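[1] next input, structure requested:
(2 chains)
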Amino acid sequence: MRILIVEDDHKIANALKKGLERQSYAVDVAYDGDDGLAMVTTEPYDLVILDRMLPGSTDGIGILKTMRESSNHIPVLLLTAKDKVLDRAEGLNAGADDYLVKPFAFVELIARVRALLRRPREVIDNSITFQDVSLDRDNFSAQRGETSIELTAKEFALLEYLLSQPGRVITKDQIMQHVWNYDSDILPNTVEVYIGYLRNKLDKPFPDKPNLINTRRGFGYYFGEKPS
Amino acid sequence: MKPNIFHNASLKLTSLYLIIIMTISLIFSIGLYQISAHELDRSIRHPPGPIGQIIRNRTAELLDDFLQEQNNEVEIARARLQANLLLINIFILLGGGMLSYVLARRTLKPIEDMHEAQSRFTADASHELRTPIAAMRLENELALSDDSFTVKQAKELINSNIEELDKLTRLSEGLLQLAQLDNDSLVKKSIKVKAIIKQAQDRSAKQAATKYQSIILHKIDNGVINVNEAAAVEALVTLVDNAIKYSPSKSDIKIATNRTKSSVSITVTDKGIGIQKKDIEHIFDRFYRADMSRNKEITNGYGIGLSIAKSVVESHGGTIFVKSTPDKGSDFTLEFPVK
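    Presented below is the predicted three-dimensional model:
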């Protein structure tokens, strides 16, 4: 999953980036409103963490409104030092999905990020389940049936993304854009390699079970049953 | 959307003014009506003069018709008077109402502005305080959850924390100063201009040295001024520190003084990035954030240093002003009155 942080304090922005990357998210950072708006309109993010007070001609609320008015419904977590009830209401009404007041604990941010990234699918505690596969975010591990599978950070991120769109064909391009961040130099070949890794861990060891990671020639990959 | 207490207060005042105006107007109208009507009656129903008598004697039957017609005239005149008075009252109601509202709003505006400035200040101050705290928290939490944390990283973290703590210290001291200045109880004494400048120079010397800059004194006045020493030095240090911060390495910062019959001014000149025209009138506002996007390393915003300098000099009865050319440099002047 790919996250954009728009925050002008460099220390906070970089600490957030590092912390989120440790949770295997792909993260980009913008240090002012104008950059942030440019990035959110050109790159496909799954979540935006937006500071309310930003230098430049646009502030957090302004960016939010612009996004929502142009039908960009990416979940947004608003960060701010303003904690009055009216300020929270204003932020949420402008289109934010959640609101965190500084200073906050990292664990809380992570929990809220996870909550915002949940898509319509079966969710039990901190794991995502699809058919006989479940993903555990606390341990970065996966399980198929009764067998547990160990994954690297990137493999985990890739699997999570595939699981978020069960049955839908996802192109290599989409995978590159949602599982890696802006600065990563990856090629379509890299995606193939990682898909290969996942197959080795998820499909190969279970020959009597249906393949989960499937290829649609010329288009991309899909997870689970054949899409109609 | 926010309940605007000033709007409500204006409405209340307007209704009050209107009630007063209308009461006066109605009383006046009724009085006027009574008097006019009475006068009308009197003049019409007055016993006729000599000519009237002659007419009466000669035209007895016609007289009744005549008197009847006169009564009608009186009634019509009365009705017209009522209508006119009513119309005037309506105009007074509408006109007076609008005028009252406008005047009430105008009167309350300075209070409203101050109130808004106060809220903005609180919001900005809380942001400035919370940001370093949030930064420290995140960096420390991150460090604790890092299993491969090296000693080198630990030292970097500690330095970073100290940097943020310095920011907090400067900010809280600045806020305290502002609070004290608002109380307006500065103790002044006669002190040599040279002494103040020397103190500021000493305070900023180290910072200037790290950027290979020199603080040059130029034609410093030999006399004294009547000021609060600490406050005056603090204000001057702010100007010199800003000059250092916003000037390139190896450039010079000049401090000069000028004495006239009524004032003594101290000017700090730098050859730095200057200030944009649109920012000049705002830089003395508390927490004003000029667009510093050109140079992201410089901490954004002017903080409260300049607004403190302004408060200091103004509570002495003086002024602070600036002349600046973007990319060429700036002159900041503190002007203290001679007492």
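
[2] all contacts plus neighbour counts: C-alpha atoms, from now on.
    Fine.

[3] what about B:Ile55, neighbour count?
    14 (other Cα atoms under 10 Å in any protein chain shown).

[4] relative to B:Ser43, how far out is it?
    According to Cα to Cα, to the nearest Å, B:Ile55 stands 17 Å off from B:Ser43.

[5] pLDDT weak spots in chain B?
    Along chain B, the parts satisfying pLDDT under 70 run over B:1-3, B:45-48, B:56, B:60-61, B:183-185, B:287-303, B:339.

[6] next, the closest residue to chain B within chain A: secondary structure please.
    Relative to chain B, the nearest point of chain A is A:Pro103 (4.1 Å; Cα to the nearest Cα). In three-state terms, and counting by DSSP: H, G, I helix; E, B strand; the rest coil, A:Pro103 is coil.

[7] what about the helix or strand hosting B:Thr23, near chain A?
    Following DSSP states H and E, one finds B:Thr23 within helix B:5-45. No: on the criterion Cα under 8 Å from any Cα of the partner chain, helix B:5-45 is out of touch with chain A, staying 15.3 Å away.

[8] which strands or helices does that helix pack on?
    Judged by 3 or more Cα pairs under 8 Å, 6 or more residues apart in numbering or on different chains; DSSP states H and E, helix B:5-45 is in contact with helix B:60-144.

[9] hmm, back to that, can you report how many residues lie near the residue of chain A closest to chain B?
    A:Pro103, neighbours per other Cα under 10 Å, totals 20.

[10] so it sits against B:Glu139, correct?
    No: using Cα atoms under 8 Å, A:Pro103 is not in contact with B:Glu139; the gap is 11.7 Å.

[11] quick check: chain neighbours aside, which residue is closest to the residue of chain A closest to chain B?
    Excluding its sequence neighbours, the residue lying closest to A:Pro103 (Cα to Cα, 6 or more residues apart in numbering or on different chains) is B:Ala134, at 4.1 Å.

[12] burial of that neighbour, as a residue count?
    As a burial measure, B:Ala134 scores 22 neighbours (other Cα under 10 Å).

[13] over to B:Ile320?
    Neighbours around B:Ile320, by other Cα under 10 Å: 21.

[14] could you do A:Glu21 as well?
    Using other Cα under 10 Å, A:Glu21 has 17 other residues around it.

[15] helix/strand/coil for it?
    A:Glu21 is classified as helix under three-state DSSP.

[16] can you give me phi and psi for A:Trp180?
    As for A:Trp180, its main-chain torsions (degrees, to the nearest 10) stand at phi -120, psi 160.

[17] right, and it touches A:Arg2 too?
    Yes: counting by Cα under 8 Å, A:Trp180 touches A:Arg2, with 7.0 Å between them.

[18] return every residue with contacts to both of those two.
    A:26-27 (Cα atoms under 8 Å, 6 or more residues apart in numbering or on different chains).

[19] relative to chain A, how far out is B:Leu175?
    Separation of B:Leu175 from chain A (Cα to the nearest Cα, to the nearest Å) stands at 18 Å.

[20] so A:Ile49 is in which element?
    Using DSSP H and E, A:Ile49 maps to strand A:47-51.

[21] list the neighbouring strands of that strand plus their orientation.
    Paired with strand A:47-51 in the same sheet, following DSSP bridges, are strand A:2-6 (parallel), strand A:76-80 (parallel).

[22] after the lowest-mean-pLDDT helix or strand in chain A, next one along is what?
    In chain A, no helix or strand scores lower on mean pLDDT, DSSP states H and E than strand A:123-124, which sits at a mean of 48. Using DSSP H and E, the helix or strand that follows strand A:123-124 towards the C-terminus is strand A:127-130.

[23] can you give me the helices in the stretch 151-300 of chain B?
    Ranges of helices in the stretch 151-300 of chain B, per DSSP state H, counting those that start in this stretch, are B:151-182, B:193-210, B:229-246, B:277-280.

[24] ok so B:Asp147 is a strand residue?
    No: B:Asp147: not assigned to a strand; according to three-state DSSP it is coil.

[25] can you give me phi and psi for it?
    phi -70, psi -20.

[26] how many other residues sit next to it?
    Counted with other Cα under 10 Å, the neighbours of B:Asp147 add up to 7.

[27] what sits against B:Pro132?
    Residues near B:Pro132 by Cα under 8 Å, 6+ apart: B:164-165, B:167-168.

[28] need the residues of chain B near chain A, please.
    Proximity of chain B to chain A, by Cα under 8 Å from any Cα, involves residues B:123, B:126-127, B:130-131, B:133-135, B:137-139, B:141-142, B:289, B:291, B:293.

[29] repeat that for 7 Å
    By the rule Cα under 7 Å from any Cα of the partner chain, the part of chain B lying against chain A is B:123, B:126-127, B:130, B:133-135, B:138-139, B:141-142, B:291.

[30] now do the buried residues in the longest helix belonging to chain A.
    Longest helix of chain A, by residue count under DSSP state H: helix A:188-202. Within helix A:188-202, the residues scored as buried using 16 or more other Cα atoms under 10 Å in any protein chain shown are A:191, A:195, A:198-199, A:201-202.

[31] could those residues go into JSON lines alongside distance to B:Ala37 and pLDDT?
    JSON lines is the format used below for the buried residues of helix A:188-202 (distance: Cα to Cα, whole Å; pLDDT from 0 to 100):
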{"residue": "A:Val191", "distance to B:Ala37": "101", "pLDDT": "90"}
{"residue": "A:Ile195", "distance to B:Ala37": "104", "pLDDT": "91"}
{"residue": "A:Leu198", "distance to B:Ala37": "105", "pLDDT": "90"}
{"residue": "A:Arg199", "distance to B:Ala37": "107", "pLDDT": "91"}
{"residue": "A:Lys201", "distance to B:Ala37": "108", "pLDDT": "90"}
{"residue": "A:Leu202", "distance to B:Ala37": "106", "pLDDT": "86"}
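
[32] give me the phi and psi for the nearest residue to B:Glu141 once chain neighbours are set aside.
    Distances taken as Cα to Cα, 6+ apart place A:Phe106 nearest to B:Glu141, at 6.9 Å, with adjacent residues excluded. With angles defined as degrees, to the nearest 10, A:Phe106 sits at phi -60, psi -40.

[33] distance of A:Phe106 from B:Pro50?
    Counting by Cα to Cα, the gap from A:Phe106 to B:Pro50 is 109 Å.

[34] more crowded one of the two?
    Looking at A:Phe106 and B:Pro50 with other Cα under 10 Å, you find the greater number of neighbours at A:Phe106, namely 20 against 9.

[35] ok, that one touching B:Met136?
    No: contact criterion Cα atoms under 7 Å: A:Phe106 and B:Met136 do not qualify, at 11.4 Å.

[36] with distance to A:Leu64 as new columns, can the residues of chain B next to chain A be given to me in CSV?
    What follows is these, written out as CSV (distance: Cα to Cα, whole Å):
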residue, distance to A:Leu64
B:Ala123, 20
B:Ser126, 22
B:His127, 20
B:Arg130, 22
B:Ile133, 25
B:Ala134, 22
B:Ala135, 23
B:Leu138, 24
B:Glu139, 27
B:Glu141, 29
B:Leu142, 28
B:Asp291, 21
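
[37] from these, pick the one nearest B:Ser251.
    Nearest to B:Ser251, judged by Cα to Cα, of these is B:Asp291 at 23.1 Å.
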